[in-house]
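A.B. asks: Pasting the sequence and the predicted model now:
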Amino acid sequence: MESVFVIGIIRGSFGLSGKLKVESTSGEYEHFFKLTDVTLRKGEQRFETAVEEAEIGTSCLFIKLKGIDSPEQAKAFSSWEIEVPRSMACPLNENEYYAEDLKGCTLVYCGARDETADTSGGADATGGSRLSGKPMSVGVVTGVLEGGAGDLLEVAVSESADAGRICTDKKNKTEAYKGHKESRVRTVLVPFKKEFIGTVDIEHGIIQLMHLWILE
């Protein structure tokens, strides 16, 4: 699992004291008021600083950081991201996941849903059945996008995925399909809903796909 998260994007400056106008990546702002230190990042650039003040505006947050004391300095950080440790990110509700944790997970298909499966060993996080039988690797989650009806998983699918096997090492995201060096990859979007997604195992980097046809 990821140890740091991007919780906000700087959209410009506010006022004369160097405050930053921030858009929350989660849409929530309460957790910003608990921050004492943050890291600003853009590409390979990093700027670590302390939080001096924060206030909620209209659909945004205004935050004052140590070392940024003028509108000119604040504007220089426009489009930078605000990064914090996992413990300081927006708290999750039931059946919610951090997008960064979903990225890199292997998407697997195990056949038809088994409605009678025993879930006593660990309930399905999204309301689907547990993994049963020998799972087949069908893709890797490369991103999470916002859709009009909910989040969408961006999945890199191999045309030879039906012959692949699970790669549970999330650190090796580029090697999604073992034994298929020449596989061509295409990308599809899968709705992150219980009708299409079953068990979500963040610890092992596995997400269960309920229907193969959605990858067509």
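C.D. replies: Thanks, I have the structure now.

A.B. asks: The residue lying closest to residue 99 once chain neighbours are set aside: what's it in contact with?
C.D. replies: Spatial nearest neighbour of residue 99, chain neighbours left out: residue 144 (3.9 Å); criterion: C-beta to C-beta, 6 or more residues apart in numbering. (Each C-beta comes from the backbone N, C-alpha and C, glycine too.) Listed by C-beta atoms under 8 Å, 6 or more residues apart in numbering, the contact partners of residue 144 are 99, 102-103, 151-154, 192.

A.B. asks: Could you list the low-pLDDT ranges of this protein?
C.D. replies: Residues of the chain meeting the criterion pLDDT under 70: 1, 112-133, 158-184.

A.B. asks: hey, where'd the strands end up in it?
C.D. replies: Counting by DSSP state E, the chain has strands at residues 4-14, 19-24, 37-42, 45-56, 61-65, 81-85, 106-109, 136-147, 150-158, 185-191, 197-201, 206-209.

A.B. asks: Give me the most central residue, the protein.
C.D. replies: For the chain, the residue nearest the mean C-alpha position is residue 99 (1.1 Å; C-alpha atoms, centre = their mean).

A.B. asks: That one and residue 190: what is the separation?
C.D. replies: Note on residue 99: its distance to residue 190, by C-beta to C-beta, to the nearest Å, is 14 Å.

A.B. asks: Then residue 64?
C.D. replies: Relative to residue 190, residue 64 is positioned 41 Å away (C-beta to C-beta).

A.B. asks: So those two - more neighbours on which side?
C.D. replies: Shown here are residue 64 and residue 190; by other C-beta atoms under 10 Å, residue 190 has more neighbours (22 against 19).

A.B. asks: Might you report the residue contacts of that one?
C.D. replies: 107, 152-153, 155, 196-197, 209, 214-215.

A.B. asks: Excluding chain neighbours, what is closest to it?
C.D. replies: Of all residues not flanking residue 190 in the chain, residue 153 sits nearest, at 4.5 Å (C-beta to C-beta, 6+ apart).

A.B. asks: wait, doesn't the one you found sit right on residue 102?
C.D. replies: Yes. Residue 153 lies in contact with residue 102 (C-beta atoms under 8 Å); the separation is 6.7 Å.

A.B. asks: which residues do these two both contact?
C.D. replies: 141, 144, 192, 207.

A.B. asks: I'd like these laid out as JSON lines, including distance to residue 8.
C.D. replies: Converted to JSON lines, those look like this (distance: C-beta to C-beta, whole Å):
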{"residue": "141", "distance to residue 8": "23"}
{"residue": "144", "distance to residue 8": "17"}
{"residue": "192", "distance to residue 8": "22"}
{"residue": "207", "distance to residue 8": "26"}
